[in-house]
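Novice: A predicted structure for the sequence below; I have some questions about it.
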Amino acid sequence: MKLTKKRLKEIIKEELTNIKEAGMPSSVIKSKQKLDGMSDKDFAAAHGDKTEEQLKAMAWRHGYGKGSKHYVNRARQGKKK
């Protein structure tokens, strides 16, 4: 079967649409929701032993952006209280 350029473009467009609709895996969403429900103090108790780089990577996986300090700040706030 020979693919034409037009058909190949259609296939690529369909695949990209499927990827965009997939979004975050449900396990990541559940983890993110669990962490959002924690107080800063509870978060620090659970994740305070992680390095800043590990917390940044976790924030990136949860959709906060590469290099985000969302979880780093929460851990610091929890340790202050």
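Specialist: Received it, and whenever you're ready, just let me know what you need.
Novice: now do residue 56 against residue 4, distance only.
Specialist: Distance from residue 56 to residue 4, counting by CB to CB, to the nearest Å: 45 Å. For glycine as for every other residue, the C-beta is placed from the backbone atoms N, C-alpha and C.
Novice: quick one: residue 41 and residue 47, what's the gap?
Specialist: Taking CB to CB, one finds residue 41 at 12 Å from residue 47.
Novice: what about the two, which has more around it?
Specialist: Neighbour count, other CB atoms under 10 Å: between residue 41 and residue 47, residue 47 has more, with 18 against 15.
Novice: identify the residues contacting the residue nearest to the spatial centre of the chain.
Specialist: Nearest to the mean C-alpha position of the chain, by CA atoms, centre = their mean, lies residue 62 at 1.9 Å. Going by CB atoms under 8 Å, 6 or more residues apart in numbering, residue 62 touches 24, 28, 31-32, 35, 70.
Novice: how about the CA coordinates for the helix or strand hosting residue 17, as CSV?
Specialist: Residue 17 is part of helix 5-22, with elements assigned from DSSP states H and E. The C-alpha coordinates for helix 5-22 follow below in CSV (Å, rounded to 0.1, in the frame of the first residue of the first chain):
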residue,chain,number,x,y,z
LYS,A,5,1.4,12.8,1.2
LYS,A,6,-2.2,13.8,1.9
ARG,A,7,-3.0,10.5,3.6
LEU,A,8,0.3,10.6,5.6
LYS,A,9,-0.6,14.1,6.8
GLU,A,10,-4.0,12.9,7.9
ILE,A,11,-2.5,10.0,9.8
ILE,A,12,-0.1,12.3,11.6
LYS,A,13,-2.8,14.8,12.5
GLU,A,14,-5.0,12.0,13.9
GLU,A,15,-2.0,10.7,16.0
LEU,A,16,-1.2,14.1,17.4
THR,A,17,-4.8,14.6,18.3
ASN,A,18,-4.8,11.4,20.2
ILE,A,19,-1.7,12.3,22.1
LYS,A,20,-3.0,15.7,23.1
GLU,A,21,-6.3,14.2,24.3
ALA,A,22,-4.5,11.7,26.5
